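A.B. asks: Sequence plus predicted model, see below.
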Amino acid sequence: MPSWLREMLVMLQFLSPTTTPVPDLVVPETPLVSATTSAGPVEVYNDGFDQPYAERWAHVSSSNADRITQTTYDGRTVLEMRPEAHLQSLSPVPFEVGTTYRVSATLQMPKETGVHPAFWLRTDDTQRVGEIDVVESWGGKPRCERVLAAYYWRYSPPLGDKACLGDKYPEDMTEWHEYAVEFTYMGPGQDAAAESPVPTRFFVDGVETWSTNHAPVAPEHMRLQVKRNCPDEEQPSCGETSTSPSMYVDQVRVEKIGRQSTGTPADLVAIREPATGGGEAHVLDPASAYATYSNRTLLPLEGPDWRFATGDFDGDRMTDVFAALPSGGGTAQVKVLDGSDYLHSFLSHATVVQRDTRLGKARFAAGDYDGNGRDDLWVVDLDDDGRLGVSVLDSSTGFQTELVDAATAAPALDPDRWQVATGDYDFDGRDDLYLVDLQSDGRTAVHVLDAETGLTTFLAQTFTSAPAVDPTSWSVSTADHNGDGRDDLMMVNRAGTTTEVHALDAATGFSTYLLQTATAMGPTNDDTWTVGG
Ligand SMILES: [Ca+2]
Ligand SMILES: [Ca+2]
Ligand SMILES: [Ca+2]
Ligand SMILES: [Ca+2]
């Protein structure tokens with residue numbers, strides 16, 4: 001090598017963009033703890049029809065651009081919709097499980113005989129129907145006494161809840177009124193026909209008119225529609241070419257107005273690898289404070305060296321088991337066992353590829369990174385090139401796409417001393433990353449990386465009330481033990497004559513215990529066991 005080249009290479013070495021060293025992860029002098037994310041209301045969508053509508057709405061069925069005019073009417077910028085106009089919003093109401101949304105439209109409805117204007121929402125998924133008819137009125141004839149509100153959870157045959165609400169609606173529907181619905185998405189794996197713990201509520205000008213105990217399990221798109229203008233008895237073939245009367249739409253809004261706690265049950269799953277390989281699961285029941293098992297079974301897995309994590313893959317609120325087997329070359333096999341079938345059958349088989357994470361050394365965890373009600377697969381490398389590396393594989397694509405590949409705010413961590421778990425610390429619906437230092441100055445400390453910022457900032461950095469413990473015989477996990485929507489820290493002592501659970505309250509900065517109890521399980525203190533996680 002010529003000397004000039006050697007010199008240049010040496011220079012380049014110094015010039016190369018070295019990241020500034022990340023400081024050690026220690027609890028700051030003033031510990032950090034955060035409150036829950038404020039619920040709202042926060043506007044997430046607002047269409048005042050000042051911009052070309054076609055950028056945000058698509059025509060449905062026989063509708064086309066001739067049916068619609070964007071204009072100024074009654075001093076407002078509006079959408080004028082003539083008969084057969086039918087639009088669907090391109091973007092759905094964001095699918096965040098447990099978030100309560102308020103969706104409203106400010107409208108003037110026509111009332112001529114035979115005309116049938118509506119503001120409604122529907123899901124694209126025909127298997128998981130959630131049609132919300134916010135307002136559907138009938139001009140002229142007192143069909144269903146003028147106004148229908150409805151919620152359908154099946155299309156064929158049509159099954160739903162509906163109400164004729166004519167007398168609760170304003171007489172002057174031809175004047176401006178705001179029609180709104182409030183609903184809270186349920187988990188995507190729940191039966192669309194199941195009753196919701198949070199009702200879907202209907203409003204006119206802010207006054208509740210009706211509610212039903214059903215809620216959607218798939219993303220809702222907004223619809224604005226004006227059907228036919230001819231007498232009822234001549235429907236549905238008449239009126240297709242009518243050019244009047246019109247419905248006027250001044251504004252459509254979506255606001256986030258709150259959250260409901262929707263955490264999966266706080267099951268504690270312990271998995272032992274028998275000498276013959278595979279796995280044997282012992283699921284402790286939180287309803288009995290872990291004094292009984294809800295399931296003990298052999299897992300249908302073959303061979304040794306599976307790594308395990310637990311979470312809800314399909315959003316049916318039953319805890320599933322994620323099993324990962326690194327197979328070299330940056331790949332791993334991942335199988336998910338269905339908690340609703342006692343872990344006897346598979347929800348997913350996948351091969352995952354990770355070029356920049358050392359799968360063989362990584363920890364696997366399951367947590368909902370994007371808030372869609374399905375736990376994703378987190379691959380955490382505690383000591384990846386001097387930083388903590390995390391990539392999250394999306395469960396809704398069978399782990400084939402990454403939700404994040406983060407340069408986190410945390411430095412490399414000693415794998416013999418630190419444990420990791422996912423959980424929602426701030427009750428925004430997205431699972432954060434709990435980094436637990438089991439030997440921090442004689443105490444156990446927790447540092448929580450915020451999913452909302454892509455794991456680049458901390459939500460908490462604090463000591464817990466737990467003393468320093470032995471990392472070889474303690475495991476950590478998270479679960480919401482008091483139902484406040486914040487995942488508490490569950491520390492599991494595997495060394496005693498029984499396996500013990502100690503749960504620290506997220507809401508008090510992990511300074512108080514919610515539960516300290518022996519479980520039905522004996523010691524789990526050898527390395528054939530994976531407990532929690
Ligand atoms: Ca499940
Ligand atoms: Ca997810
Ligand atoms: Ca969160
Ligand atoms: Ca809690």
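C.D. replies: Ah, there it is. Numbering: from 1, shown residues only. Ligands and ions are numbered 1, 2, ... in the order given.
A.B. asks: For ligand 3, tell me whether the strand ranked longest in the chain is touching it.
C.D. replies: The longest strand of the chain (DSSP state E) is strand 247-259. No: judged by Cβ under 5 Å from the ion, strand 247-259 makes no contact with ligand 3; its nearest approach is 10.7 Å. All C-beta atoms are positioned from the backbone trio N, CA, C, and that covers glycine.
A.B. asks: continuing past that strand, what's the next helix or strand?
C.D. replies: Heading C-terminal from strand 247-259, the first helix or strand you meet, by DSSP states H and E, is strand 268-272.
A.B. asks: Now do that next one: which elements does it pack against?
C.D. replies: Secondary-structure packing of strand 268-272 (3 or more Cβ pairs under 8 Å, 6 or more residues apart in numbering; DSSP states H and E): strand 279-284, strand 307-311, strand 529-531.
A.B. asks: which SS state does the closest residue to ligand 2 within the stretch 401-533 of the chain fall under?
C.D. replies: Of the residues in the stretch 401-533 of the chain, the one nearest ligand 2 is Leu403, at a distance of 7.2 Å by Cβ to the ion. Here Leu403 is strand, with the state taken from DSSP: H, G, I helix; E, B strand; the rest coil.
A.B. asks: Contact residues of the chain facing ligand 2?
C.D. replies: 368, 370, 372, 374, 376.
A.B. asks: Need the nearest residue in space to the second one, chain neighbours excluded.
C.D. replies: By the measure of Cβ to Cβ, 6 or more residues apart in numbering, the closest residue to Asp370 outside its immediate chain neighbours is Leu403, 5.5 Å from it.
A.B. asks: how about low-confidence regions in the stretch 1-150 of the chain?
C.D. replies: The stretch 1-150 of the chain contains residues with pLDDT under 70 at 1-23, 39, 140-143.
A.B. asks: try the stretch 251-400 of the chain
C.D. replies: For the stretch 251-400 of the chain, no stretch is flagged by pLDDT under 70.
A.B. asks: again, only this time at 80
C.D. replies: For the stretch 251-400 of the chain, residues meeting the criterion pLDDT under 80 lie at 262-265, 356, 384-385.
A.B. asks: partners of Leu107 in the sheet?
C.D. replies: Beta-bridge partners for Leu107, by DSSP bridges, are His177, Val249.
A.B. asks: so it touches Asp250, yeah?
C.D. replies: Yes: the pair Leu107 / Asp250 is scored as a contact, 7.2 Å apart, by Cβ atoms under 8 Å.
A.B. asks: distance of the residue of the stretch 401-533 of the chain closest to ligand 2 from ligand 1?
C.D. replies: According to Cβ to the ion, to the nearest Å, Leu403 and ligand 1 sit 19 Å apart.
A.B. asks: cool, Leu107 as well?
C.D. replies: Distance from Leu107 to ligand 1, by Cβ to the ion: 40 Å.
A.B. asks: Tell me which of the helices and strands packed on strand 268-272 sits most buried.
C.D. replies: Neighbour counts averaged per stretch over the helices and strands packed on strand 268-272 are highest for strand 307-311, at a mean of 25; criterion: mean count of other Cβ atoms under 10 Å.
A.B. asks: what does the stretch 351-500 of the chain have sitting close to ligand 3?
C.D. replies: By Cβ under 5 Å from the ion, the residues of the stretch 351-500 of the chain that approach ligand 3 are 424, 426, 428, 430, 432.
A.B. asks: okay, the spatially closest residue to the fourth one that is not a sequence neighbour: pLDDT?
C.D. replies: Excluding its sequence neighbours, the residue lying closest to Arg430 (Cβ to Cβ, 6+ apart) is Ala451, at 4.0 Å. At Ala451 the predicted local distance difference test score is 97.
A.B. asks: same question, the one 3 residues further on
C.D. replies: Each residue has a pLDDT score; the one for Gly454 is 95.
A.B. asks: what's near enough to touch it?
C.D. replies: 404, 406 (Cβ atoms under 8 Å, 6 or more residues apart in numbering).
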